[in-house]
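In: Just need the structure, nothing else, for what follows:
(2 chains)
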Number of protein chains: 2
Amino acid sequence: MSSPSARLAAIKNHLDQGKLLRRTKMRKVIVCRDLGTDAMGILRACEDIELVVWPENRPCDRTWLLDNVTGAEGVALMLSEKVDDELLDKAGPSLKVISTMSVGYEHVSLPALMKRGVRLGYTPDVLTDAVADVAVLLALMATRNVKATTSIVENGQWPESTWAPFSFCGPQLSSGLLPSLAFPAPGTPGTSSNPSGESTERTVGFLGFGRIAQATLARLVAFGARKFIYTGNPNASASSLQSSSAADIELATKHNLPQNAITRVSIESLAENSDVLFVLAPGGPSTYHIISHELLARMKPTAVLVNASRGSLVDSDALAQALGEGRLWGAGLDVVEGEPKVSSDHPLVKEPRCVILPHIGSATFETRRAMATLTARNVIAGVRGEPMPAELDLTAWT
Amino acid sequence: MSSPSARLAAIKNHLDQGKLLRRTKMRKVIVCRDLGTDAMGILRACEDIELVVWPENRPCDRTWLLDNVTGAEGVALMLSEKVDDELLDKAGPSLKVISTMSVGYEHVSLPALMKRGVRLGYTPDVLTDAVADVAVLLALMATRNVKATTSIVENGQWPESTWAPFSFCGPQLSSGLLPSLAFPAPGTPGTSSNPSGESTERTVGFLGFGRIAQATLARLVAFGARKFIYTGNPNASASSLQSSSAADIELATKHNLPQNAITRVSIESLAENSDVLFVLAPGGPSTYHIISHELLARMKPTAVLVNASRGSLVDSDALAQALGEGRLWGAGLDVVEGEPKVSSDHPLVKEPRCVILPHIGSATFETRRAMATLTARNVIAGVRGEPMPAELDLTAWT
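Out: You can find the predicted model right below:
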C-alpha cells in the first residue's frame, strides 16, 4: 500500500536505527518473566541494555525463548526455564551470562555452560532466612497436629470436640528449658521423678548442612535444642569429612553451645537419633530418594521429617506408608516430587499427619524482591564483563 | 430382699469402715477428670488419700461434683469447673485446697477462696515453652499465608496454580540478618539501594509481658528481631511502670541485645509500631476486648496479630472487619471468644487471612504431663498442709 519512496524511507530509518544500536553497543538481555517493579527498574535504567521481556504472567513459552534468544548477551530466567545445549546454540557466541532467580540450578546444564565459557549467576544467601523460617514453621506444624486441628475449626467441629488433658497433643519442639519444674528430682514431697522416663531433650538432625540448615539451627537453639547432628555432601571426600569438626566447634561456640553439641554422623545414625530431621540438601541424582523406605524405617515413631529443599530427595510412597503405619509422628513438606502436579488424592496429601505447603520457602516480599534485584544485577554485571554479585564458581565442577 | 440380720451386718460393716477411715485420717480428694497415668499414679500412691474420680472422658457433671464434694479436703479440676460460693459451701469447712490444671484462674472466684482460707494451686511455668512455641507458630502461619497455601494443596489446585515471582508472598518474620546482600549500599555497580525504601527490621510487640511473652521474645531474637516493645498490666501503678526499665535492660543484656532494645510503651504506640503483635496477657474484666476496633485501626496494614492467651481480649467482630478490609495482613489465634462454640460460619473462621487453632497452646505430651503431675502434687501438698509446688499468692488480691 505504501509508495516506493515511503518504503525507501522506512528502509533508511531501519538502517539508521541499526547504526545507532551499534554505536551505543546495546547489549540484548532476555528476561523470561517480569521481575517486579524494583528489579525491572534497575534493568530499564541501564542505557547500554536492550530488554526483551516475556509479556505474560506465566512461564515463558520455550518457542518464544528460542525465537528471541539469538544474539542475546544475557538471559534472566527461573526454575521453569531449562538451560541446555539447544538454548545455548540458539543464543550463539554473543551469550555471556545466564542469571537464574533461584538458589538451585538443577534446570541448568553446567557442562553446556562451561564448554562455551558462559557464566552463571544465581541467588544464594538472600533466601536463607525465608526458607529457614519455613523449616521451623513446618517442624512446628508437623509436631503440633496443625492439619487436624485447623480442619476441626474450619469444619465447625470445635463445639463438639471434647477437651481432655491429652487431646490434640503432639511432641514438643522446644526442650529442656524448665526441667526442674517440669520434672522434679526424686524425693521432693508429694512428687515423683519424671515417671515416664522420657527425656525432654531433643536431638535435631540435618540432612545437608549448608547455609539454610545452619540458619535453622540458629533458630532452634532459641527453642532450647542443645544437640545437633548432621550429614554433609554424600560425595565429599574423606579429607573434607574430617576437616568439618573444627567448623562444628566454631559454630557451637558461636551459639554458646558445648563444644560437642554439633556432630557429623552417618546417615543411618542421623535417621535413628533425630527427633526432628530437616532435609535441606541440594537436589539432583546424588540425593535422589535419599529419604528411602529403609531410612524411614530407622526413624523414631515420635520423630517428624521436614523437607524444605527439593521433592526428589524423599520417596513419597515410602513416606506415606511410614506415616500411615504410625512409624513416624508426622511430616512437614514445602516440596513434593513431581510438583506442582500434586493432586488432592496424592498419598501424602491424604495423610492426616502430613502438612504440605506449595513450595513457598522463599515466598516473602522482602526475599523475592532481593532475589529479583540480585538476578537483575547478576545479568547486568555479566553482560558488562564485571564481577557478578553472586556467581556460581563453575571451575569447581570441572 | 435381705434378711434383718444381713442388713444389720451391712450397717455394722459400714460403721467399721467409717472408724477405719477416721483412724488413718483418710483425706478425701475429688479429681474432676482422669489426669493420665503419671499424675494418677502419684495420687494413688498416697496412702493418706481417698480418691473420688469422675469416671468419664468428658468434663464432669456439676451435679456429680456438688454431690461428691462434701467433706473433701482437696479438689483437682480444670478450666471447665467453676469454683464459686456454691461449690465451696457444699464442700464445707474440711476443704483446704483447689488445684487447677491450668495457668489461668478465670473460673475460680478468688474472694470466695480467700474468705474461707482455701488455698489455690495452679500450673504456671511448665506450659511456658509449649505456648511460646505456638505463639511463634501462629506468627509464621499468619505471615506466610498458610491457610490459603495449604488449602491450595489439599483442594488439588496446586497443579493449576501459576508460579510467579511474587505469588503466595507474605511479609517475612525474620529480619535484618543479611541486609548487605539483600539491599546493597548505593553506588555498588549495577545495583540500587533498597529501591522500595522498605526496612527489613521488624518491631515485635507484646500486649502483656509475662513469662510466655518473654519466652516468645527469646525465640524471636533468633529470627533476627532487635526491637521489642510491650505494655504491661494496664492496672499497674505508676511506680511499677517506672521500675520495669532496669528489668528491660537486664533482659536485653541476657539476649545480647542493645540496652534500649526492649521498651515499655503506651498501648496506642504498641498498636502503631508492631509488625507482629503478640497478645499474651491474662483474661478477665480488665483486659476484655482490649484489642478493639480503635486499636486495630492504629495497626500497620502489613502487621499480624497473634492471640495465644484468652479469647476475651480480642473483639472478634472488629478483627474480622479489619482483616476483611485489608487493614491488617493477618491473624493467628489459638483462642477465640466463646470457644469452643465457634462454628464454621464464625466471621473469623471465614477470613482467609485468619488461622485458628482450637486452644492447643499447652497441648504437648511433655507439658500436659507436667501440668497434670503438678496439679496432683499441688493437691497432695495442699491437703497435707505442706508448701505447694505452685501456689497462687492470694494475699496479692486482698
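
In: so who does the nearest residue to A:Val103 once chain neighbours are set aside touch?
Out: Distances taken as CB to CB, 6 or more residues apart in numbering or on different chains place A:Pro124 nearest to A:Val103, at 5.0 Å, with adjacent residues excluded. All C-beta spots, glycine's among them, are computed from the backbone N, C-alpha and C. Residues counted as contacts of A:Pro124 (CB atoms under 8 Å, 6 or more residues apart in numbering or on different chains) are A:103, A:211, A:390.

In: Neighbour-wise, give me the winner out of those residues.
Out: Sorting these by how many neighbours each has (other CB atoms under 10 Å in any protein chain shown) puts A:Val103 first, at 23 neighbours.

In: So which helix or strand of chain A has the lowest pLDDT on average?
Out: Confidence across the helices and strands of chain A bottoms out at helix A:179-182, with a mean of 37, counting by mean pLDDT, DSSP states H and E.

In: after it comes which helix or strand?
Out: Going down the chain from helix A:179-182, the next helix or strand is strand A:203-207, by DSSP states H and E.

In: Could you list the paired strands of that following strand along with their orientation?
Out: Based on DSSP bridges, the pairing partners of strand A:203-207 within the sheet are strand A:227-231 (parallel), strand A:276-279 (parallel).

In: The first one - what's its average pLDDT?
Out: Regarding strand A:227-231, the rounded mean pLDDT is 96.

In: what's next to it, contact-wise?
Out: The set of residues external to strand A:227-231 that reach it, using CB under 8 Å, 6+ apart, is A:201-209, A:213, A:217, A:220, A:257, A:261-267, A:269-270, A:273-274.

In: CA atoms only for that strand, dumped as CSV, please.
Out: Output for strand A:227-231, consisting of C-alpha atoms alone and laid out as CSV, is shown next (Å, rounded to 0.1, in the frame of the first residue of the first chain):
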residue,chain,number,x,y,z
LYS,A,227,22.2,-31.5,70.5
PHE,A,228,22.6,-31.3,66.7
ILE,A,229,23.7,-34.0,64.2
TYR,A,230,24.1,-33.8,60.5
THR,A,231,25.3,-35.4,57.4
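
In: Going along the chain, name the strands of the stretch 1-150 of chain A.
Out: All strands of the stretch 1-150 of chain A, identified by DSSP state E, counting those that start in this stretch, fall at A:27-31, A:49-53, A:74-77, A:97-100, A:119-121.

In: Next, format these as JSON lines and append mean neighbour count.
Out: As requested, the strands of the stretch 1-150 of chain A are exported to JSON lines (neighbours: other CB atoms under 10 Å in any protein chain shown):
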{"stretch": "strand A:27-31", "mean neighbour count": "23"}
{"stretch": "strand A:49-53", "mean neighbour count": "17"}
{"stretch": "strand A:74-77", "mean neighbour count": "28"}
{"stretch": "strand A:97-100", "mean neighbour count": "27"}
{"stretch": "strand A:119-121", "mean neighbour count": "23"}
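
In: I'd like to know which of those lies nearest to B:Ser312.
Out: Between B:Ser312 and the strands of the stretch 1-150 of chain A, the tightest spacing by CB to CB is seen for strand A:97-100, at 50.8 Å.

In: That closest one pairs with which strands, parallel or anti?
Out: As defined by DSSP bridges, the strand partners of strand A:97-100 come to strand A:74-77 (parallel), strand A:119-121 (parallel).

In: Can you add mean pLDDT and give the ones you listed back as TSV?
Out: Conversion of those to TSV gives the following (pLDDT from 0 to 100):
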stretch	mean pLDDT
strand A:74-77	98
strand A:119-121	98
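
In: Contact partners for A:Ala271?
Out: With contacts defined as CB under 8 Å, 6+ apart, A:Ala271 is in contact with A:205, A:277, A:295-296, A:298-299.

In: Please tell me the pLDDT value assigned to the spatially most central residue of chain A.
Out: For chain A, the residue nearest the mean C-alpha position is A:Ser309 (4.3 Å; CA atoms, centre = their mean). The predicted structure scores A:Ser309 at 96 on the pLDDT scale.

In: And the one 5 residues further on, by the same measure?
Out: According to the prediction, A:Val314 has pLDDT 98.

In: Then the one 5 residues further on?
Out: A:Leu319 is assigned a predicted lDDT (pLDDT) of 98.

In: which stretch of helix or strand covers it?
Out: In this structure, A:Leu319 is located in helix A:316-324 according to DSSP H and E.

In: Can you give the strand pairings for whichever helix or strand comes after that helix, parallel or anti for each?
Out: As assigned by DSSP H and E, the chain's next helix or strand after helix A:316-324 is strand A:330-333. Using DSSP bridges, the strands paired with strand A:330-333 are strand A:304-307 (parallel), strand A:354-356 (parallel).
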